[in-house]
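Asks: Structure here, sequence nowhere to be found:
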């Protein structure tokens, strides 16, 4: 069950000002328990038949190091219904100011002790959109804090006219990272977003964000990521295809997938 109704007008204003909003929590404990059960089922029953390009491990092929899954909504009715539900779609549309179109539902994990940091980046850099009207939602499936890798945002960085320069990253699943990160403005406007299971973050595709490594010896950091494009956004299909082809070739050559 979702929490009490959200004031969407205030939500939209906060999002426009900061580039992100944190809801703590969006879902109650019973709902989170059900979502985690369904995810465990998905990992056990569906993942073995998924293309390897959509299943990432910290250590290739070692089940206990599973770190990222793509397109849960394509492979499973439960997760398709989840990302199409009014609970999350209404928030995406309030942030976008237009109809939200489901693009992807992802699973992210930082396994205990080995989960790598997520480099500073802007999601829109990967999306190849014009205009860049897109948002990403992030749902914590378990408690998240500085030790196991909570998300950080540079508040207001979504207002810049252009993307920051990005370069190749060695982090599987986040192939590009911002190369000039760490400016005085970055430091002054950084906000960390720890929270309990059920915490939901929604951010603009242009905002600078990152997450630390998981340094906990015992706790994982599991989350779901929801990607929505605005109805007005158009994908540069040629650029997107070329990028994906290069990336998959590089990952196979490096034996990461």
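Replies: Thanks, I have the structure now. Nothing here was measured: the structure is a model prediction, and the numbers come from that model.

Asks: any idea how far residue 68 is from the residue nearest to residue 75 when sequence neighbours are not counted?
Replies: Leaving aside its chain neighbours, residue 75 sits nearest to residue 46 (5.3 Å; criterion: CB to CB, 6 or more residues apart in numbering). To be clear about C-beta, it is placed using only N, CA and C from the backbone, and glycine gets the same treatment. For residue 46, the distance to residue 68 equals 15 Å [CB to CB, to the nearest Å].

Asks: Now for the residue nearest to residue 75, how many residues are close by?
Replies: Neighbour count of residue 46, defined by other CB atoms under 10 Å: 14.

Asks: what does the one 4 residues further on give?
Replies: Residue 50 is flanked by 16 other residues according to other CB under 10 Å.

Asks: residues near the closest residue in space to it that isn't next to it in sequence, how many?
Replies: Closest residue to residue 50 apart from its sequence neighbours, by CB to CB, 6+ apart: residue 75 at 6.6 Å. Number of residues near residue 75 (other CB under 10 Å) recorded here: 18.

Asks: how near is residue 75 to residue 224?
Replies: With CB to CB as the criterion, residue 75 and residue 224 are 14 Å apart.

Asks: and if you look at residue 9?
Replies: 26 Å.

Asks: Looking at these two, which is more packed in?
Replies: Set side by side, residue 9 and residue 224 show more neighbours around residue 224, with 22 against 9, by other CB under 10 Å.

Asks: helix/strand/coil for the more buried one?
Replies: At residue 224, secondary structure determined by DSSP: H, G, I helix; E, B strand; the rest coil is strand.

Asks: Find the nearest non-adjacent residue to it, please.
Replies: residue 139 (4.5 Å).

Asks: for the most centrally placed residue in the chain, what are its contacts?
Replies: Ranked by distance to the mean C-alpha position of the chain (CA atoms, centre = their mean), the top residue is residue 225 at 4.0 Å. Residues near residue 225 by CB atoms under 8 Å, 6 or more residues apart in numbering: 104-108, 136-139.

Asks: Check residue 80 too.
Replies: 73-74, 105.

Asks: and if you look at residue 89?
Replies: Residues near residue 89 by CB under 8 Å, 6+ apart: 83, 100, 102, 228.

Asks: if you go through the stretch 101-250 of the chain in chain order, where are the helices?
Replies: 123-127, 184-188, 237-253 (DSSP state H, counting those that start in this stretch).

Asks: Now the last one: average pLDDT?
Replies: Right, helix 237-253. Across helix 237-253, the average pLDDT comes to 65.

Asks: got it, and stretch 114-134?
Replies: 94.

Asks: so where is this protein shaky, pLDDT-wise?
Replies: Across the chain, residues meeting the criterion (pLDDT under 70) sit at 1-4, 173, 239, 242-257.

Asks: redo that, cut-off 90
Replies: Within the chain, the segments meeting pLDDT under 90 span 1-5, 52-53, 58-64, 168-176, 235-257.

Asks: ok, back up a step: which of the contacts of residue 89 count as buried?
Replies: 83, 100, 102, 228 (16 or more other CB atoms under 10 Å).

Asks: Most widely separated two among these?
Replies: 83 and 100 (10.0 Å; CB to CB).

Asks: What is the nearest of the buried ones among the contacts of residue 89 to residue 120?
Replies: Relative to residue 120, and with distances defined as CB to CB, the nearest of those is residue 228, at 22.1 Å.

Asks: Tabulate the contacts of residue 89 in JSON lines, adding columns for distance to residue 155.
Replies: Below are those laid out as JSON lines (distance: CB to CB, whole Å):
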{"residue": "83", "distance to residue 155": "26"}
{"residue": "100", "distance to residue 155": "23"}
{"residue": "102", "distance to residue 155": "27"}
{"residue": "228", "distance to residue 155": "21"}
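
Asks: Perfect, that will be all.
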